[in-house]
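Q: After the sequence you'll find the predicted model.
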Amino acid sequence: MTIANTDRLVPPALSVLRIVSAYLLIQHGSAKLFGVPHVAFFDNLQLVSLLGAAGVLEFFGGILLLIGWFTRPVAFVLSGLLAFAYFIGHAPKGFVLAPSLNQGEAAVLFSFVFLFIAAAGAGPWSIDAWRHRVPTTGGGAAAA
């Protein structure tokens with residue numbers, strides 16, 4: 001493949017990255033809020049707690065990311081949430097620069113993926129892209 005051919009794969013790949021990452025994050029939120037999938041650690045989780053607030057942001061922010069609506073601000077907030085999750089919940093369990101030792105790899109990876117999405121945008125398969133399309137007239141020229 002030439003570079004020209006691979007360049008056209010980048011926008012759809014961005015959408016796929018956003019959709020898959022959001023789907024995985026929604027599962028973290030639904031485990032905290034609804035117990036599905038069941039994670040014993042989240043049994044009797046109080047909604048008014050740090051983990052409860054994280055669950056709300058993960059679930060509802062994940063849904064917004066999944067459909068690609070308000071993608072940049074939502075991804076930025078979620079990136080911060082996951083950075084806090086790492087430093088509050090994982091880093092104290094072991095060496096801060098070794099997430100594999102404190103079970104923080106997912107938090108770090110999610111944080112940087114969402115930071116990238118906040119900078120790059122939603123991609124073409126999103127409500128954001130659909131809302132910002134330039135309408136065309138019958139002659140194919142963009143309307144003013």
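A: Perfect, I can see it now. Given the structure is predicted, the values throughout are model-derived calculations rather than measurements.
Q: Any stretches of the protein with poor pLDDT?
A: Applying pLDDT under 70 to the chain flags the ranges 1-4, 136-144.
Q: Can you tell me what sits against whichever strand or helix holds W130?
A: According to DSSP states H and E, W130 maps onto helix 127-131. Helix 127-131 is contacted from outside by I67, G68, W69, F70, T71, R72, G121, A122, G123, using CB atoms under 8 Å, 6 or more residues apart in numbering. No exception for glycine: its C-beta is placed from N, CA and C like everyone else's.
Q: ditto for stretch 84-103
A: Outside of stretch 84-103, the residues within contact range by CB under 8 Å, 6+ apart are L50, A54, G104, E105, A107, V108, S111.
Q: Among the residues you listed, which ones are in helices?
A: For the contacts of stretch 84-103, the ones inside helices are L50, A54, E105, A107, V108, S111, with DSSP state H as the criterion.
Q: Generate a ChimeraX selection restricted to the buried subset of these.
A: Selection of buried members from those for ChimeraX, criterion 16 or more other CB atoms under 10 Å:
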select :54,107,108,111
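Q: Let me have the ones in helices among the contacts of stretch 84-103 in CSV, extended by distance to A13.
A: Listed next are the ones in helices among the contacts of stretch 84-103 as CSV, based on distance: CB to CB, whole Å:
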residue, distance to A13
L50, 34
A54, 28
E105, 22
A107, 23
V108, 21
S111, 20
